[in-house]
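J.: here's a sequence, model it:
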Amino acid sequence: MEGKWTKGEWTADGPDCFGDWNIHHPADSLAVAAVVCDPLPGAPTMVAAVVTNLRSAAEVAANARLIAQAPAMAEALEAMVEGMEDVAQQADVAMRREGGEGYWAVEAAQALITRARALLTAIKGE
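T.: As a prediction, the model looks like this:
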């Protein structure tokens, strides 16, 4: 699935002198967003401000949608990992009982689980 957001890995740096964290795109060193610490008095609570930094309006909007959906993506990824672990465990038992036929599918599932767990660890800051 090809999204319209800024491609590549993003890094989170912070806190800066204002206590905010900034999300950067390493390829061009431009900020993608700033994660805001404290809202202004009377202002709505804001989690992040997506910045333009010479990006198109469509790309900025896509970055904002991506950041806004991050909590839901993390929850979905966590649920998928839990479900896949159960499936992989059941498949492992079945494959061993059948003499190992199709064991590549279990190994592929375990590799995806490992990758997803690493992402969840990074998301949680563990």
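
J.: ok so L77 is a helix residue?
T.: Yes. Applying DSSP: H, G, I helix; E, B strand; the rest coil, one finds L77 inside a helix.

J.: can you count the residues close to the nearest residue to it once chain neighbours are set aside?
T.: Excluding the flanking residues, the one nearest L77 by Cβ to Cβ, 6 or more residues apart in numbering is A116, at 5.6 Å. In this view, the C-beta of every residue, glycine as well, is placed from N, C-alpha and C. Burial of A116 is recorded as 16 neighbouring residues (other Cβ atoms under 10 Å).

J.: what do you get for V60?
T.: Using other Cβ under 10 Å, the number of residues around V60 comes to 19.

J.: hang on, isn't L54 packed against S29?
T.: No. L54 is beyond contact range of S29, at 11.6 Å (criterion: Cβ atoms under 8 Å).

J.: in this structure the residue nearest to L77 contacts A79, no?
T.: No. Contact between A116 and A79 fails when scored by Cβ under 8 Å: they sit 10.5 Å apart.

J.: ranges for the helices of the protein?
T.: Using DSSP state H, the helices found in the chain span residues 57-68, 70-97, 103-124.

J.: give me the buried positions along the shortest one.
T.: Neighbour counts over helix 57-68 (16 or more other Cβ atoms under 10 Å) mark E59, V60, A62, N63, A64, L66, I67 as buried.

J.: and these, which two are the farthest apart?
T.: Spanning the widest gap among the buried residues of helix 57-68 are E59 and I67, at 12.6 Å by Cβ to Cβ.

J.: where's A33 relative to T52, distance?
T.: Plainly put, A33 is 11 Å away from T52 if you go by Cβ to Cβ, to the nearest Å.

J.: so for these two, which residue has more residues nearby?
T.: A count of neighbours by other Cβ under 10 Å puts A33 above the other of A33 and T52, at 24 against 13.

J.: contacts only, for that one.
T.: Contacts here follow Cβ atoms under 8 Å, 6 or more residues apart in numbering; on that basis A33 touches N22, I23, A48, A49, V50, V51, N63, A64, I67.
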